[in-house]
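Participant: Any chance you can model this:
(one chain, ligands or ions: 3)
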Amino acid sequence: MSKIYIETYGCQMNFADSEIIASLMNEAGHEMTTEIEQADYVLINTCAIRDNAEQRIRKRLRELRAMQQRHAGLRIGILGCMAERLQSQLMVEEENVSFVVGPDAYRRLPAMLEQVRQQGVKAAETELSTTETYDDIEPVRLNSNGISAYISIMRGCQNYCAYCVVPYTRGRERSRNPHTIVTEAQHLFEMGYKEVTLLGQNVNSYCWAQDDENVDFPELMRWVAEISPLLRVRFATSHPKDLSDKLLEVMAAHSNICRCIHLPVQSGSDRMLKLMNRHYDSAWYLDRIAAIRRYLPDCSITTDVIAGFCSETEEEHQMTLDMFRKVRYDYAYMFKFSLRPNTYAEKHLQDDIPEAEKTRRLEEIIALQGQIALENNKKEVGKTFEVLVEGESHRSKKQLFGRNSQNKVIVFDREDVQPGQYVQVTVTDCTAATLIGRLKQ
Ligand code: SAH
Ligand code: SF4
Ligand code: F3S
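Facilitator: Ligands and ions are numbered 1, 2, ... in the order given. Got it, this is the predicted structure:
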């Protein structure tokens, strides 16, 4: 039996995968530890989405080298998207790495640990699968607050956006058996969880068609939402091309499906969207925004955007700013374009926007979004929301924080409220990032 420490980078799907890995490790008789100093194996579940994500892992590996000098038996394994992208080459570049395992090969991990330990050899397993969904594995909830949990409902992506490595690191799109998803959510609810987030790279293109059974994403949402009105249901990430009215109808009919849609826009320019291979234009996107506002007037909308994609002109950058002004997002993840090996952009386009210009454009988007988020939050002052309490506020033990259905964080004086409870909170003040409120008497 060995002690395993796992460190996770990247998106929510990686965090969900780490919980599957922990389960596989426990089943094989190993013990997970939260003390890195006590570990026999350090597993790093990595992200490859932008160059700086990979640089961060490289830096972490240098730090771990010092720890290995103090603890001779300590072995390091790289998992996740960077493992898949670089495969065994990573063990040549990083000498202190003993094994490399891609996202579809985690079942092989226990056997690989044995091999590495007994034979002292290095090992790599990076084959991608068209069927693996790990749907028979009950994840071990790591660092959980016991209130909200992730459920992976699909894996992979084959949209091949021109900038993106995910189709190469995660393989073909495949959906998990819906009955196992509902069972997992039901089980979480029985254990006291109050919120589940259904995850996929394109969660709304979820599609199960087997044994005369057809279940699409809206139908699956209905099944999960009907477990209990006390179970909140969230989902991420939605692709604009697949955001159907049917999904919005199901959301409108179930108040426990949270009023928050993450709908990455990437750019406001039609030429950029085409070059990015996003399969929608700005008119389609704005039509979907209008549909959300029509079905769900109180829904928050969040996005991802890329500044300085190949050949983006100043005018096209201005179109992105215009899109932000039109939609008025509640939150945005904003990135500078990073050219990734093997993508369409790397093979066929020029990464021709100078770094300083990318930075300027990004900063303009960030400044605008900050202003919009603050204005949006100010409109919430005076309203009362149902809040699911998650824990103590970072600032003061006398305060708690939680989220409303719109996924906005609200801080308030605790009184005798406990985490895990639903409470009514009236907003009294705000910043661009947080609402401040008091319990409704
Ligand atoms: N599947 C999701 C997002 C996956 S990656 C979707 O399609 O929306 C999360 C975000 O990272 C993307 O939405 C995009 O904005 C950003 N991103 C992906 N590749 C990038 C790159 N090469 N450079 C900069 N940002 C990138
Ligand atoms: Fe990447 Fe596009 Fe797939 Fe999202 S939809 S994971 S951005 S290829
Ligand atoms: Fe990163 Fe892989 Fe997620 S590249 S964003 S960890 S799918």
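Participant: which other residues reach the helix or strand of the chain with the lowest mean pLDDT?
Facilitator: Each helix and strand of the chain was given a mean pLDDT (mean pLDDT, DSSP states H and E); the minimum falls on helix 109-119 at a mean of 91. Around helix 109-119, the neighbours that count as contacts under CB atoms under 8 Å, 6 or more residues apart in numbering are 2, 21, 24-25, 27-28, 30, 41, 75, 77, 79, 98-99, 101, 121-123, 125. (Each C-beta comes from the backbone N, C-alpha and C, glycine too.)
Participant: Mark which of those are buried, thanks.
Facilitator: Neighbour counting by 16 or more other CB atoms under 10 Å classes 2, 21, 24-25, 30, 41, 75, 77, 79, 98-99, 101, 122-123, 125 among the contacts of helix 109-119 as buried.
Participant: just checking, what packs against the helix ranked longest in the chain?
Facilitator: Longest helix in the chain by number of residues (criterion: DSSP state H): helix 355-378. Under the contact definition 3 or more CB pairs under 8 Å, 6 or more residues apart in numbering; DSSP states H and E, helix 355-378 sits against strand 300-307, helix 314-327, strand 331-336, strand 422-430.
Participant: and these, which is most packed in?
Facilitator: Between these, strand 300-307 has the highest mean count of neighbours, a mean of 22, where neighbours are mean count of other CB atoms under 10 Å.
Participant: list the contacts for the closest residue to Phe335 other than its chain neighbours?
Facilitator: Here the nearest residue to Phe335 in space, its sequence neighbours aside, is Ile306; by CB to CB, 6 or more residues apart in numbering that works out to 5.4 Å. If you count contacts by CB under 8 Å, 6+ apart, Ile306 has them with 163, 266-267, 276, 335-337.
Participant: Can you tell me how far Ile306 is from Thr359?
Facilitator: 13 Å (CB to CB, to the nearest Å).
Participant: Just confirm yes or no for stretch 100-108 near ligand 2.
Facilitator: No - when contact is scored as CB under 6 Å from any ligand atom, no part of stretch 100-108 falls within range of ligand 2; the minimum is 12.8 Å.
Participant: contacts for that stretch?
Facilitator: Counting by CB under 8 Å, 6+ apart, stretch 100-108 makes contact with 17, 20-21, 24, 77-81, 83-84, 86-88, 90-91, 109, 112, 123-129, 132, 134, 155, 169-171, all of which sit outside it.
Participant: If we use 6 Å, what do you get?
Facilitator: With CB atoms under 6 Å, 6 or more residues apart in numbering as the test, stretch 100-108 has contacts from 21, 24, 78-79, 83-84, 90-91, 109, 124-126, 128-129, 132, 170.
Participant: What's the end-to-end length of it?
Facilitator: 11 Å (CA to CA, to the nearest Å).
Participant: Can you tell me which residues in the stretch 51-200 of the chain are near ligand 3?
Facilitator: Those residues of the stretch 51-200 of the chain that sit near ligand 3, judged by CB under 6 Å from any ligand atom, are 80-81, 165-166, 169-170.
Participant: For those residues, pick the one with the most neighbours.
Facilitator: Among those, the one with the most neighbours (other CB atoms under 10 Å) is Gly80, at 30 neighbours.
Participant: Just grab the bridge partners of that residue for me.
Facilitator: In this structure, Gly80 bridges to Thr46 when assessed by DSSP bridges.
Participant: circling back: of the contacts of helix 109-119, which belong to strands?
Facilitator: Taking DSSP state E as the definition of strands, the contacts of helix 109-119 contribute 41, 75, 77, 79, 98-99, 101, 123, 125.
Participant: Sort out which residues of stretch 7-20 are buried, please.
Facilitator: By 16+ other CB under 10 Å, the buried positions in stretch 7-20 come out as 8-11, 13-20.
Participant: still on that earlier bit, give me the mean pLDDT for the helix or strand following the longest helix of the chain.
Facilitator: Following the chain from helix 355-378 toward its C-terminal end, the next helix or strand by DSSP states H and E is strand 384-392. The predicted model assigns strand 384-392 a mean pLDDT of 97.
Participant: Any figure for the gap between the nearest residue to Val305 once chain neighbours are set aside and ligand 3?
Facilitator: Counting by CB to CB, 6+ apart, Val305 lies nearest to Met334, which is 5.3 Å off, once chain neighbours are set aside. As for Met334, its distance to ligand 3 is 15 Å (criterion: CB to the nearest ligand atom, to the nearest Å).
Participant: my guess is Met334 meets Gly308, correct?
Facilitator: No - no contact is recorded between Met334 and Gly308 when judged using CB atoms under 6 Å, the distance being 11.2 Å.
Participant: What about Trp208, how many residues nearby?
Facilitator: Neighbourhood size, Trp208 [other CB under 10 Å]: 21.
Participant: does it sit in a helix, a strand or a coil?
Facilitator: Using DSSP: H, G, I helix; E, B strand; the rest coil, the structure places Trp208 in strand.
Participant: Close to ligand 1: what parts of the stretch 301-441 of the chain are there?
Facilitator: Taking CB under 6 Å from any ligand atom as the criterion, the stretch 301-441 of the chain approaches ligand 1 at residues 304, 306, 335, 337-338, 340.
Participant: ok, now which ones touch Phe235?
Facilitator: Phe235 makes contacts with 198, 203, as judged by CB under 6 Å, 6+ apart.
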